[in-house]
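Provided below are the primary sequence and the corresponding predicted coordinates.
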Amino acid sequence: MVAVAVAVLFVSAAALAITTACSMVLRTRVELATRRIANYRPVASAQLAAYLVGTRSAPPPHPRGRFQQSVMRELLLSFAANVRGEAAGVVASLFRRYGLVEPARRNLNARRSLTRIRAAEALGAMGLQEAIPWLLDGLRHDDRQLRFACARSLSALGAVSAVAEVDAALSPTQAELGQRIDLLVGFGAGAIPILIGDLRGRPGGRRQWLAAEALGELRAASAVVPLSTALDTAGDELSARAARALGRIGDHRATDALARAVASQRPWFVRAAAAGALGAIADPATAGLLVWALAGEQWDVRNAAARALTALDAAGVAAVAERLDLLGDEAVAQFLGTCDAAGVIEQIIARAAGGDSDRDDLIRRGHRAGISAALERVAGEDGRAGRYAAAVLSTGPAAHRLVAP
């Protein structure tokens, strides 16, 4: 029995010694690898930067072994995110030259999700057109995050013909709808039919709201009719987003629908969005309606109307000057304050100084309402406009100041 016990102890001690030795060897190898990477990274980074800016004639030497390949891949991706044009092409060519394309392709099917995702992102970041079929295959993977990564890379590669397949593969949750829209916008005009379909889809959903915004961002002229319909008939939130989108598109076909919204009894944010869109379209025929909106009680609608009238330039100024009887002092001050911020009030003062009676009435009403900063600036100048401004200022202090809510 003693002999058995001794043998067991001996075996246990030997196993412990072997385990300890293996651990030490492994730790040493990890430390050596870490040290090699730490030494390699700054050197390779400096060489790569010098090559890209033209102060070094040759690229960094070919990375040796898996660790150096990993470091070089990370460096190239980092540079790819910060360079454009010819330099971006050089980075992509080095990615190929160093044999990093095939490992990235294999890693699309790696065990670890993070490895798969990084591989998909690398292929897109490098602009590798040959990767499009591989990324399309990735859209069919069970890993949702990989599907999104493949979709982002396909968007970066301009694979417009794949947009329908990309959208079908995403199946986003409510929290991911914003990511989906960003991806679709990246495909440009190819995504417009999908977004119009979203806009015409089930009422009341966030998908419709995001689609309206995206159509505006894409300046989708083909969406003017469905957006105008949404403005007329949809809920208030979607209507406001549709109005802003129509403003970004800037198509005169939307003028009637926007004018109806401004003149309606809908909530202030819908009317303000519609007034702002009319300013973006800048149709002089809407000046009279915008003056009516400027005369209203709601500050945000007045502010949007004032900005829109300022955007109409001479037509907007003329419309306000001709309808001063409709406007209170606060509305006049709001309009002239907007003109001052836009840098056009000096032109109005110059016209008034030249004998334009409507603009003279407008400037004097503005002074009474508290808009005198521009007059004070111009009064310090020589010439007719300076003398006119000084004369208006001499009529007495402003009656009150405009206070925004």
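That came through fine.

hang on, Thr115 packs against Asn107?
Yes - the criterion here is Cβ atoms under 8 Å, and Thr115 meets it with Asn107 at 5.2 Å. In short, each C-beta sits where N, CA and C put it, glycine included.

so which residues of the stretch 251-400 of the chain form helices?
255-263, 268-281, 287-294, 299-311, 314-322, 329-342, 345-353, 357-368, 373-379, 384-393 (DSSP state H, counting those that start in this stretch).

what angle separates the last one from helix 357-368?
To tie it back to what came earlier, the one meant is helix 384-393. Angle, helix 384-393 to helix 357-368, by axes from the mean of the first three to the mean of the last three Cα atoms, to 10 degrees: 50 degrees.

the first one too?
With the same axes, to 10 degrees applied, the angle from helix 255-263 to helix 357-368 works out at 40 degrees.

in helix 255-263, what's buried?
Thr255, Ala257, Leu258, Ala259, Ala261, Val262 (16 or more other Cβ atoms under 10 Å).

average pLDDT for it?
Taken as a whole, helix 255-263 has an average pLDDT of 95.

and it, what does it pack onto?
For helix 255-263, the elements it packs on are helix 224-233, helix 236-249, helix 268-281, helix 287-294, judged by 3 or more Cβ pairs under 8 Å, 6 or more residues apart in numbering; DSSP states H and E.

which one of those lies nearest to Ala214?
helix 236-249 (8.3 Å; Cβ to Cβ).

what's that closest one in contact with?
204, 208-209, 212-213, 215-217, 219-221, 223-224, 227-228, 230-232, 234, 254, 257-258, 261, 266-267, 269-270, 273-274, 276-281 (Cβ atoms under 8 Å, 6 or more residues apart in numbering).

return the distance of it from the chain's centre.
17 Å (Cα atoms, centre = their mean, to the nearest Å).

reformat the helices of the stretch 251-400 of the chain as CSV; add distance to Leu76.
CSV is the format used below for these (distance: least, Cβ to Cβ, whole Å):
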stretch, distance to Leu76
helix 255-263, 49
helix 268-281, 42
helix 287-294, 54
helix 299-311, 46
helix 314-322, 53
helix 329-342, 47
helix 345-353, 54
helix 357-368, 60
helix 373-379, 55
helix 384-393, 61
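
tell me which of these lies nearest to Phe148.
Smallest distance to Phe148 across the helices of the stretch 251-400 of the chain (Cβ to Cβ): 31.2 Å, for helix 268-281.

any residues touching that closest one, and which ones?
Residues contacting helix 268-281 (Cβ under 8 Å, 6+ apart): 231, 236, 239-241, 243-244, 246-248, 250-252, 254-255, 258-259, 261-262, 264, 286, 289-290, 293, 298, 300-301, 303-305, 307-312.

specify the local secondary structure of Arg140.
coil (DSSP: H, G, I helix; E, B strand; the rest coil).

from Gly190, how far out is it?
Distance, Arg140 to Gly190, using Cβ to Cβ, to the nearest Å: 20 Å.

which one's more surrounded, the two?
Per other Cβ atoms under 10 Å, whichever of Arg140 and Gly190 has more neighbours is Gly190, with 19 against 11.

is the more buried one in contact with Ala159, as I believe?
No - contact criterion Cβ under 8 Å: Gly190 and Ala159 do not qualify, at 9.1 Å.

contacting residues for Pro59?
Gln47, Leu48, Tyr51, Leu94, Arg97.

buried subset of those as a ChimeraX selection?
Restricted to buried positions by 16+ other Cβ under 10 Å, the ChimeraX selection for those reads:
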select :47,48,51,94
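
hang on, the earlier thing: any chance of CSV for the buried residues of helix 255-263, columns distance to Glu121?
Formatted as CSV, the buried residues of helix 255-263 follow (distance: Cβ to Cβ, whole Å):
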residue, distance to Glu121
Thr255, 44
Ala257, 42
Leu258, 41
Ala259, 47
Ala261, 43
Val262, 46
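
just to revisit the earlier point, quick one: which of the helices and strands packed on helix 255-263 is nearest Ala58?
Nearest of those to Ala58, taken as Cβ to Cβ: helix 236-249 at 48.3 Å.

list phi and psi for Ser372.
Dihedral pair for Ser372: phi -130, psi -10, per degrees, to the nearest 10.

before we move on, the earlier item: using JSON lines, lay out the helices and strands packed on helix 255-263 together with mean pLDDT, mean neighbour count and distance to Tyr40.
What follows is the helices and strands packed on helix 255-263, written out as JSON lines (pLDDT from 0 to 100; neighbours: other Cβ atoms under 10 Å; distance: least, Cβ to Cβ, whole Å):
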{"stretch": "helix 224-233", "mean pLDDT": "94", "mean neighbour count": "20", "distance to Tyr40": "55"}
{"stretch": "helix 236-249", "mean pLDDT": "95", "mean neighbour count": "24", "distance to Tyr40": "49"}
{"stretch": "helix 268-281", "mean pLDDT": "96", "mean neighbour count": "25", "distance to Tyr40": "54"}
{"stretch": "helix 287-294", "mean pLDDT": "94", "mean neighbour count": "22", "distance to Tyr40": "65"}
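
to Gly380, which of these lies closest?
With Cβ to Cβ as the measure, helix 287-294 is the member of the helices and strands packed on helix 255-263 nearest Gly380 (30.1 Å).

can you tell which of the helices and strands packed on helix 255-263 is closest to Arg364?
Nearest of the helices and strands packed on helix 255-263 (Cβ to Cβ): helix 287-294, 18.0 Å.
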